[in-house]
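1. attaching a predicted model along with its sequence, questions to come.
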Amino acid sequence: MATTTTQIDLGEQGIAFVGALHRNTTTSVLYEHAVLRREARIAEGGPFVVDTGVHTGRSPKDKFAVREPESEERIWWAPSGGNGELSIEHYEDLRAKVTDYLGGLDGLYVVDAFAGADPQHRIAVRVVTSMPYHALFAATMFITPTARELEDFHPEALVLHAPAFEADPGEDGTRSGTFAVFHPTKREILIGGTFYAGEIKKSIFTLLNDSLPLEGVLPMHCSANVGSDGDVAIFFGLSGTGKTTLSADPERRLIGDDEHGWGDNGVFNFEGGCYAKTINLSAEAEPEIFAATNAFGTVLENVVIDENGRLDFGDDSKTENTRAAYKLEEIPNALPTKMAGHPGSVVFLAADAFAVLPPIARLNPAQARYYFLSGFTSKLAGTEIGVTSPEPTFSACFGSPFLPQRPAVYARMLGEKLAEHRPNVWLVNTGWTGGPSAPIGDGHRMPIQATRALLHAALSGKLDGVEYRVDETFGFEVPVSVPGVDQSLLDPRTTWSDPAAYDRQARELAAMFRKNFEKFPDAGEDVLAAGPKL
């Protein structure tokens with residue numbers, strides 16, 4: 001087995017280690033290590049396939065922030081939102097256990113990389129992990145340093161990653177054996193009890209969501225792209241709304257698919273890679289992403305692979321949350337700098353399984369803050385045990401589990417950016433039309449071709465001069481007609497066989513929005529008034 005032992009001192013991170021240390025190891029060597037350790041398989045075409053075991057997604061109820069004097073006033077202590085509380089004493093004891101565990105292994109993998117493409121706001125991240133799989137994931141998702149940058153590398157944030165180590169809830173103050181703990185002042189993260197690699201990237205995102213507002217930068221859970229004329233668009237959306245798919249537009253350059261900052265110089269990607277859902281992925285519908293998932297160096301999580309190494313993206317027997325991590329450069333039209341100017345368009349994506357929202361609507365600044373704080377999408381009937389009808393999902397700022405500070409902080413910053421740069425703001429429904437999703441309705445998914453056509457019209461300015469109507473319930477503006485789009489789609493009420501049933505469903509959804517917004521009494525009167533009317 002190839003070795004890449006390097007001489008760096010982990011003593012600075014509190015790890016007494018004498019085994020084989022593999023720092024910024026090549027993809028080929030990480031493949032070799034993982035396969036020999038029977039931790040991964042290589043699929044036809046070259047991707048690296050792993051099974052994450054019990055945890056096939058993040059474990060938000062096992063996410064904690066350390067309560068310590070320097071940061072406790074700014075932290076949003078909301079366990080249901082992802083910020084459970086861990087004492088300093090519990091943190092120090094758990095950290096000692098993790099470092100002892102890592103120090104006792106025969107080999108460790110270190111990835112030194114950057115988070116943040118803007119040199120003024122990037123941080124140097126060190127990930128110390130026990131597995132080549134997670135080293136490859138971290139090297140893929142963060143920004144690779146040059147050889148000179150690596151020589152002078154000094155970590156500013158640390159991830160101690162021990163997936164096979166479990167906490168003792170009675171001793172360590174955790175909920176279970178699984179934990180993802182964030183120390184705001186030390187900029188340290190402890191992860192254990194889960195092999196799901198997404199915890200690594202989202203923990204660093206959480207760290208940036210805390211530190212960047214202190215620098216005047218708005219951190220955002222969004223994808224971003226830029227047109228040939230330099231017109232930047234950002235796409236907010238929860239899982240399953242099309243954030244990755246719609247930003248990977250062959251006619252525009254991709255800045256990034258998931259995490260960005262909006263600073264004085266414009267928008268910049270936090271990451272060096274993409275982390276795409278792959279369930280039912282096809283070459284016909286998403287050719288760029290499909291090609292990237294089948295490339296050497298791509299990490300595939302929980303994708304079914306047969307004995308001959310062939311992949312089945314349609315098989316959800318392990319989980320519906322199958323994932324691919326690949327370098328941004330695998331997308332042919334990716335922007336190498338991962339930075340662009342200020343957005344001319346801000347898009348909120350919602351997969352509305354109630355089939356109430358129009359396929360596109362224009363928002364004024366107060367409405368923009370309202371729908372940003374709401375962070376709406378919906379769960380579909382049949383996707384989870386016990387879900388028999390569509391259920392609303394509201395995630396503040398389209399990323400509640402990753403917000404260490406109160407949602408009002410990010411909404412205020414967004415409002416300031418909108419006031420300064422005056423982009424168009426759009427609410428786009430990528431969910432259902434014609435009625436709710438089955439089994440309670442006979443609706444169908446919004447045609448992706450229509451969504452793409454509407455977005456192209458919006459981003460190119462073709463919707464600036466068209467006629468709009470004001471929605472009676474939600475108050476936003478909806479275009480009456482758009483060239484190349486079936487006009488009947490634009491008024492969701494007319495797509496239902498029973499318009500009265502649509503009216504009832506619209507009132508119910510409006511009530512859900514208003515009930516959820518009771519969590520934000522400090523949003524401001526203008527924002528409160530911008531919500532739907534009953």
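-> Good, I have the coordinates.
2. now the end-to-end length of stretch 390-402.
-> Stretch 390-402 has an end-to-end distance of 24 Å (CA to CA, to the nearest Å).
3. just give me how far the host helix or strand of Val428 sits from the chain centre.
-> Per DSSP states H and E, Val428 falls inside strand 424-429. Strand 424-429 sits 19 Å away from the centroid of its parent chain (CA atoms, centre = their mean, to the nearest Å).
4. which strands or helices does the next helix or strand after it pack on?
-> Per DSSP H and E, the first helix or strand lying C-terminal to strand 424-429 is strand 432-433. With contacts taken as 3 or more CB pairs under 8 Å, 6 or more residues apart in numbering; DSSP states H and E, strand 432-433 sits against strand 444-445. Yep, even glycine has a C-beta here, placed from its N, CA and C like the rest.
5. now do the strand it packs on, average pLDDT.
-> When pLDDT is averaged over strand 444-445, the result is 91.
6. what's in contact with it?
-> By CB atoms under 8 Å, 6 or more residues apart in numbering, the surrounding residues in contact with strand 444-445 are Gly431, Trp432, Thr433, Gly434.
7. paired strands for that strand, with orientation please.
-> Partner strands for strand 444-445, per DSSP bridges, with pairing direction: strand 432-433 (antiparallel).
8. roughly how far is the strand it pairs with from the heart of the chain?
-> With CA atoms, centre = their mean as the basis, strand 432-433 stands 24 Å off its chain's centre.
9. okay, the longest helix that the chain contains in PDB with CA atoms only?
-> The residue-count maximum for a helix in the chain (DSSP state H) belongs to helix 499-516. This file holds the C-alpha atoms of helix 499-516, laid out as PDB (Å, rounded to 0.1, in the frame of the first residue of the first chain):
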ATOM      1  CA  PRO A 499     -61.000  26.100  -8.400                       C
ATOM      2  CA  ALA A 500     -62.900  26.200  -5.100                       C
ATOM      3  CA  ALA A 501     -60.600  23.400  -3.800                       C
ATOM      4  CA  TYR A 502     -57.600  25.500  -4.900                       C
ATOM      5  CA  ASP A 503     -59.000  28.500  -2.900                       C
ATOM      6  CA  ARG A 504     -59.300  26.300   0.200                       C
ATOM      7  CA  GLN A 505     -55.800  25.000  -0.200                       C
ATOM      8  CA  ALA A 506     -54.400  28.500  -0.700                       C
ATOM      9  CA  ARG A 507     -56.000  29.700   2.500                       C
ATOM     10  CA  GLU A 508     -54.600  26.700   4.400                       C
ATOM     11  CA  LEU A 509     -51.100  27.300   3.000                       C
ATOM     12  CA  ALA A 510     -51.300  31.000   3.900                       C
ATOM     13  CA  ALA A 511     -52.300  30.100   7.400                       C
ATOM     14  CA  MET A 512     -49.300  27.800   7.600                       C
ATOM     15  CA  PHE A 513     -47.000  30.600   6.600                       C
ATOM     16  CA  ARG A 514     -48.500  33.000   9.200                       C
ATOM     17  CA  LYS A 515     -48.300  30.400  11.900                       C
ATOM     18  CA  ASN A 516     -44.700  29.700  11.200                       C
END
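10. if we go by neighbour counts, what in it is buried?
-> When burial is assessed from 16 or more other CB atoms under 10 Å, helix 499-516 yields the following buried residues: Tyr502, Gln505, Ala506, Leu509, Ala510, Met512, Phe513, Asn516.
11. picking up where we left off before, helices or strands up against the strand holding Val428?
-> Short answer (3+ CB pairs under 8 Å, 6+ apart): strand 424-429 packs on strand 343-350, strand 360-363, helix 365-374, helix 448-459.
12. next, the angle from the longest helix of the chain to helix 365-374.
-> For helix 499-516 against helix 365-374, the angle by axes from the mean of the first three to the mean of the last three CA atoms, to 10 degrees is 80 degrees.
13. hmm, who's touching helix 499-516?
-> Residues outside helix 499-516 that contact it (CB under 8 Å, 6+ apart): 352, 354-357, 374, 376, 392, 394, 435-436, 473-474, 492-493, 496, 531-534.
14. how far is that helix from where the chain is centred?
-> Counting by CA atoms, centre = their mean, helix 499-516 comes out at 28 Å from the chain centroid.
15. returning to that earlier point: and the contacts of strand 444-445 as TSV, adding distance to Gly193, neighbour count and pLDDT?
-> Output for the contacts of strand 444-445, formatted as TSV (distance: CB to CB, whole Å; neighbours: other CB atoms under 10 Å; pLDDT from 0 to 100):
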residue	distance to Gly193	neighbour count	pLDDT
Gly431	34	27	94
Trp432	37	26	94
Thr433	42	23	94
Gly434	44	19	94
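16. which one of the residues you listed is nearest to Glu85?
-> Distance to Glu85 across these (CB to CB) is lowest for Gly431, with 35.4 Å.
17. list the buried residues for the strand holding Val428?
-> Quick answer for strand 424-429 (16+ other CB under 10 Å): Asn424, Val425, Trp426, Leu427, Val428, Asn429.
18. kindly report the same for stretch 36-46.
-> In stretch 36-46, counting by 16+ other CB under 10 Å, buried: Glu39, Ala40, Arg41, Ala43.
19. how about the helices in the stretch 201-350 of the chain?
-> 243-247, 287-293 (DSSP state H, counting those that start in this stretch).
20. buried deepest among those helices, which one?
-> Counting by mean count of other CB atoms under 10 Å, helix 243-247 has the highest mean neighbour count of the helices of the stretch 201-350 of the chain, with a mean of 24.
21. summarise which helices and strands that helix is packed against.
-> Against helix 243-247 (3+ CB pairs under 8 Å, 6+ apart) you get strand 218-226, strand 232-236, strand 273-277, strand 343-350, helix 448-459.
22. format these as a markdown table; extra columns: mean neighbour count, distance to Val128 and mean pLDDT.
-> Output for the helices and strands packed on helix 243-247, formatted as a markdown table (neighbours: other CB atoms under 10 Å; distance: least, CB to CB, whole Å; pLDDT from 0 to 100):
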| stretch | mean neighbour count | distance to Val128 | mean pLDDT |
| --- | --- | --- | --- |
| strand 218-226 | 27 | 24 | 97 |
| strand 232-236 | 26 | 32 | 98 |
| strand 273-277 | 24 | 19 | 93 |
| strand 343-350 | 24 | 35 | 98 |
| helix 448-459 | 19 | 41 | 94 |
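23. redo the ones you listed as TSV? Include distance to Ser87.
-> Converted to TSV, the helices and strands packed on helix 243-247 look like this (distance: least, CB to CB, whole Å):
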stretch	distance to Ser87
strand 218-226	26
strand 232-236	34
strand 273-277	32
strand 343-350	37
helix 448-459	47
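24. out of the ones you listed, which is closest to Ser317?
-> Taking the helices and strands packed on helix 243-247 one by one with CB to CB, strand 273-277 is closest: 15.8 Å.
25. and the closest one with strand 218-226, angle?
-> 90 degrees.
26. what about Glu149, distance to Glu259?
-> Between Glu149 and Glu259 the computed distance is 21 Å (CB to CB, to the nearest Å).
27. the two: which is more packed in?
-> Neighbour count, other CB atoms under 10 Å: between Glu149 and Glu259, Glu259 has more, with 26 against 14.
28. how near is that one to Ala361?
-> For Glu259 relative to Ala361 (CB to CB), the value is 26 Å.
29. with Arg469 instead?
-> The gap separating Arg469 from Ala361 is 10 Å, by CB to CB.
30. same question for Ala530.
-> 13 Å.
31. for Arg74, same thing?
-> 34 Å.
32. who's more crowded, these two?
-> Set Arg74 next to Ala361 and count neighbours by other CB under 10 Å: Ala361 wins out with 24 against 14.
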